[in-house]
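J.: build the 3D model from these lines:
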Amino acid sequence: MPETQAVNEKLDMATAFAMASHDIKNSLGVLLKDINNINERCDVGSCVMRSHCADMEYEVRRINNNLVKMLTLFKLGAGDYLLNVDAHSVRDFLDEMMLEQAVLMGQKGIGYEIACEPDLYWYFDRNLMTGVMGNAISNALRYTRDRLLITAEASVEGLKIAVEDNGSGFPAFMLEQQAEFLRPESGFLNNNTGLGLYFTQQVLDLHQHDALHGRVVLDNGGALSGGRFSILLP
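T.: Coordinates of the predicted model:
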């Protein structure tokens, strides 16, 4: 096959992937709207469909978030993403992230608390960090019993944000091999958590200061004695 033809086919596949992904995102948006319409018509105390709608909404949002991560990784790999680092209120950012989940959490009976000083500001790409936090919160909602804790604090190492739940915690093998899940060839292709971890590390690698890169850490314990997903931004 001539080199020019191979390059054109590669570009055509890339364009097709991007177009199909945006079309799928539009369809998922319609599904979310329909689910919300059903919720609004259901009686809070007696409608058995509310629980099913909450499960459907979670899965649709998870698919959408994975699609966004894939599109972003695609842009990063192609060199088409322009990093936009600016100063942001960390508390406002976390409040907005949790507000997006408010309806779903209410349906599932999950409460949350944010521990962050109101005057804490940090430099980061808001769009990329929205994907990172969306992934962390989505995973916590999947495994928690009924409570989440989101903390953020500044230290000499950088900004540390943690999402904790009161579930059974991360399995031992994931804690022991978490570095492996950050590599595409051994993680995200065969594990439903791996894509999120790989995406998170790619985003954190782009956030660097004085040759220090961001990092992600998984552990168990914390204030809620469950799983804890922590990220550090230098």
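J.: list the buried residues for the helix or strand where residue 163 lies?
T.: Residue 163 is located in strand 159-165, with elements delineated by DSSP states H and E. For strand 159-165, burial by neighbour count (16 or more other C-beta atoms under 10 Å) applies to 159, 161-165. In this view, the C-beta of every residue, glycine as well, is placed from N, C-alpha and C.
J.: got it, and stretch 124-141?
T.: Applying 16+ other C-beta under 10 Å to stretch 124-141 flags 124-125, 128-141 as buried.
J.: pull the most distant pair out of those residues.
T.: In these, two members sit farther apart than any others by C-beta to C-beta. They are 125 and 141, at 23.7 Å.
J.: so who does the spatially most central residue of the chain touch?
T.: Geometric centre of the chain, nearest residue: residue 135, 1.7 Å, by C-alpha atoms, centre = their mean. Applying C-beta atoms under 8 Å, 6 or more residues apart in numbering to residue 135 gives the contacts 65, 69, 196, 199-200.
J.: go with 10 Å
T.: With contact set as C-beta atoms under 10 Å, 6 or more residues apart in numbering, residue 135 has these partners: 62, 65-66, 68-69, 163, 193, 195-197, 199-200, 203, 229.
J.: helix, strand or coil: sort out it for me.
T.: The three-state assignment at residue 135 reads helix, by DSSP: H, G, I helix; E, B strand; the rest coil.
J.: and the gap between it and residue 129?
T.: 11 Å (C-beta to C-beta, to the nearest Å).
J.: shared neighbours, these two?
T.: Taking C-beta under 10 Å, 6+ apart as the criterion, residue 135 and residue 129 both touch 200, 203.
J.: all helices of this protein, in order?
T.: For the chain, applying DSSP state H gives helices covering 3-41, 49-78, 90-99, 102-108, 126-143, 172-176, 178-181, 194-206.
J.: a markdown table please, covering these and showing mean pLDDT and distance to residue 213.
T.: Listed next are the helices of the chain as a markdown table, based on pLDDT from 0 to 100; distance: least, C-beta to C-beta, whole Å:
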| stretch | mean pLDDT | distance to residue 213 |
| --- | --- | --- |
| helix 3-41 | 70 | 27 |
| helix 49-78 | 80 | 15 |
| helix 90-99 | 97 | 19 |
| helix 102-108 | 84 | 32 |
| helix 126-143 | 92 | 14 |
| helix 172-176 | 85 | 21 |
| helix 178-181 | 70 | 14 |
| helix 194-206 | 84 | 5 |
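J.: picking that back up, may I ask which two of the buried residues of strand 159-165 are separated the most?
T.: Across the buried residues of strand 159-165, the longest distance by C-beta to C-beta is 20.8 Å; it joins 159 and 165.
J.: what is the rounded mean pLDDT of the strand holding residue 163?
T.: Across strand 159-165, pLDDT averages out at 97.
J.: so what are the sheet partners of it and their directions?
T.: Strand 159-165 has the following strand partners under DSSP bridges: strand 147-154 (antiparallel), strand 226-233 (antiparallel).
J.: quick one: it to helix 126-143, angle?
T.: 20 degrees (axes from the mean of the first three to the mean of the last three C-alpha atoms, to 10 degrees).
J.: with that, I have no additional questions.
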